[in-house]
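1. Just a sequence and a predicted model for now, questions to come.
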Amino acid sequence: MNFTNQLIGWCLILESILLALWRRKRSFDNPRYPNYWKHLTAKIVDGFCRFLGLILLVGGVLVVASEFKDTWGAFVLLPVCGFMLFLFLGIA
């Protein structure tokens with residue numbers, strides 16, 4: 001196993017958790033907004049943080065699962081490969 005890939009995968013998972021916690025704290029600390037544009041900007045930033053956290057979490061899980069595909073990683077990678085095959089056959 002390659003230690004660097006595991007480190008990258010676990011760092012991605014940790015970053016996604018920290019981003020989710022920051023987004024929750026940010027939405028909890030926000031007071032009432034003085035105008036609509038500040039409210040809209042805050043919602044857009046929160047949505048982007050949620051999307052980025054999800055992408056980082058999925059990427060980290062896939063990297064770590066590919067390293068451990070002999071034991072438990074196959075259970076994670078099998079649905080992913082099935083979904084990719086479904087996309088490939090659906091597009092063709």
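-> Great, that's in hand.
2. need the strands for this protein, in chain order.
-> Using DSSP state E, the chain contains no strands.
3. helices or strands next to the longest helix along it in the packing?
-> Taking DSSP state H as the criterion, the chain has its longest helix at helix 36-67. Packed against helix 36-67 by the contact rule (3 or more C-beta pairs under 8 Å, 6 or more residues apart in numbering; DSSP states H and E) you find helix 3-29, helix 73-91. Where C-beta positions appear, they are placed from N, C-alpha and C, glycine not excepted.
4. so how far is the first one from its chain's centroid?
-> Right, helix 3-29. 8 Å (C-alpha atoms, centre = their mean, to the nearest Å).
5. Flag every buried residue along that helix.
-> I8, G9, L12, I13, E15, S16, L19, A20, R23 (16 or more other C-beta atoms under 10 Å).
6. rewinding a little: just the buried positions in the longest helix of the chain, please.
-> In helix 36-67, counting by 16+ other C-beta under 10 Å, buried: C49, G53, L56, L57, G59, G60, V61, L62, V63, V64, A65, E67.
7. tell me which of the buried residues of helix 3-29 is nearest to G73?
-> G9 (10.6 Å; C-beta to C-beta).
8. What pLDDT does the model give that closest one?
-> For G9, the pLDDT comes out at 86.
9. go on, M1?
-> 56.
10. for S27, same thing?
-> Note for S27: predicted pLDDT of 68.
11. ok, now which ones touch the closest residue to L12 other than its chain neighbours?
-> Using C-beta to C-beta, 6 or more residues apart in numbering and skipping the chain neighbours, the partner closest in space to L12 is G60 (3.1 Å). Residues near G60 by C-beta atoms under 8 Å, 6 or more residues apart in numbering: I8, G9, W10, C11, L12, I13, L14, E15, S16.
12. Return, as residue ranges, the portions of the protein with sub-threshold pLDDT.
-> 1, 27, 30-31, 91-92 (pLDDT under 70).
13. Please report how far the residue most central in space within it lies from L19.
-> Taking C-alpha atoms, centre = their mean, the centroid of the chain lies closest to L54, which sits 2.4 Å from it. As judged by C-beta to C-beta, to the nearest Å, L54 and L19 stand 9 Å apart.
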